[in-house]
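K.L.:
Let's see this in three dimensions:
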Amino acid sequence: RGLTFQDIVKWKIGFCPDGKYKERIIIPSFNLDGKLDFFEARSYTNHPIPYLKPDIEKDIIFNELFLNWNEDIVLTEGVFDVIVAGNGVPLLGSEVLDENSNIFQKIGLNCKKIWTALDPDAIEKEKKIMKIFWMYGIDVLKIKIRPYKDIGEMTKEEFQKRKNAAKLVNFENDIEFALEE
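P.N.:
The predicted structure follows:
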């Protein structure tokens, strides 16, 4: 996925040679106190189960310790997407974000606008998320992903170009247009 040595160090990426997480890349998450609160284990072989996650509370803000709420926040699907996006929050699964989640609450307190960059196969989920933010007065800018399957396939430069070209979505008029890629 084009990770650099600097990415590996910054995100504290490791791997497991054996055990439950054998042949998996491990990407940890740290809360505001610097304590490990979650991790994702991604197979680097063709394992039939590509992702393993611990059975713990997932209503966390992944790597909140390293988020800068004073800069643009990008909402993504997964942790590899956030590595490319730089300053973002992965959803960590298929659940739809709602008003009661920690992610929504923190974004609502800190952001006047948010960028969404969910995978093209998650259009319905992205519509619901955009509508929730819009209803609470948070501007949403949509980053186009296609022809890529996700942000993680892009270079950081390509992602930045697409982010700079993102358009503000007016839910009443053009959400369908914004999501057509």
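
K.L.:
wait, Asn68 sits on Asn87?
P.N.:
Yes - applying CB atoms under 8 Å as the test, Asn68 and Asn87 come out as touching, 5.5 Å apart. C-beta coordinates here come from the backbone N, C-alpha and C atoms, glycine included.

K.L.:
Run through the chain and note the low-pLDDT ranges.
P.N.:
Of all residues in the chain, those with pLDDT under 70 make up the ranges 1, 58, 94-96, 171-181.

K.L.:
Could you rerun that using 50?
P.N.:
In the prediction, the chain carries residues with pLDDT under 50 at positions 181.

K.L.:
what about the strands in it?
P.N.:
Secondary structure of the chain (DSSP state E): strands at 14-16, 24-30, 36-43, 51-52, 74-76, 88-90, 113-117, 139-142, 167-168.

K.L.:
neighbour-wise, which of Asn68 and Asn87 wins?
P.N.:
Under the neighbour definition other CB atoms under 10 Å, Asn68 and Asn87 were set side by side, and Asn87 has more, 15 against 9.

K.L.:
how much space is there between the closest residue to the more buried one other than its chain neighbours and Ile61?
P.N.:
Taking CB to CB, 6 or more residues apart in numbering, and ignoring the residues beside it in sequence, Asn87 has Glu71 as its nearest neighbour in space, at 5.1 Å. Using CB to CB, to the nearest Å, Glu71 is found at 15 Å from Ile61.
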